[in-house]
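Trainee: Sequence below, structure please.
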Amino acid sequence: MLERPDAADLLATARDALLAEILPALPAEKQGVARMVAAAIAIALREAGAAQPATPDLAQLAAEIRAGVHDPGEAGHDATRALLRALTEARAAVSDPRALRRNG
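Mentor: Presented below is the predicted three-dimensional model:
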């Protein structure tokens, strides 16, 4: 096992320093880029800590959906719907958790 600080700790410290110390010192036209970097670090941190649902072969699943295999009334429809919802929520929890909370 690696000693502390680990990668997540280092990223969080770098993000904090960027926002608290570097951002205020930047000219206004460069602050947007610094905020974008801080947001990317936050996304990476959430992704590193996120539990991912078991993912089937998504290309195969997409082909099956296009073929109507998982349409309403078909066997497995509810399970497919639940899987797609879980995958969507997992991605939203990483990329935009506020949107996930707003939309329940």
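Trainee: mind checking which helix or strand the most centrally placed residue in the chain is in?
Mentor: The centroid of the chain falls nearest to Val94 when counting by Cα atoms, centre = their mean (2.1 Å). Taking DSSP states H and E as the criterion, Val94 maps to helix 77-95.
Trainee: Buried residues, that helix. List them.
Mentor: Neighbour counts over helix 77-95 (16 or more other Cβ atoms under 10 Å) mark 80, 83, 87, 90, 93-94 as buried. No exception for glycine: its C-beta is placed from N, CA and C like everyone else's.
Trainee: Need the pLDDT of Gln31.
Mentor: For Gln31, the pLDDT comes out at 97.
Trainee: Skipping its backbone neighbours, what lies nearest Pro5 in space?
Mentor: Using Cβ to Cβ, 6 or more residues apart in numbering and skipping residues adjacent in sequence, the residue nearest Pro5 is Thr13, 7.1 Å away.
Trainee: can you pull out the helices in this structure?
Mentor: Here the chain has its helices, by DSSP state H, at 7-17, 23-25, 28-49, 58-66, 77-95, 97-103.
Trainee: buried ones in the third one?
Mentor: So the one you mean is helix 28-49. For helix 28-49, the neighbour count (16+ other Cβ under 10 Å) marks 34, 37-38, 41-42, 45 as buried.
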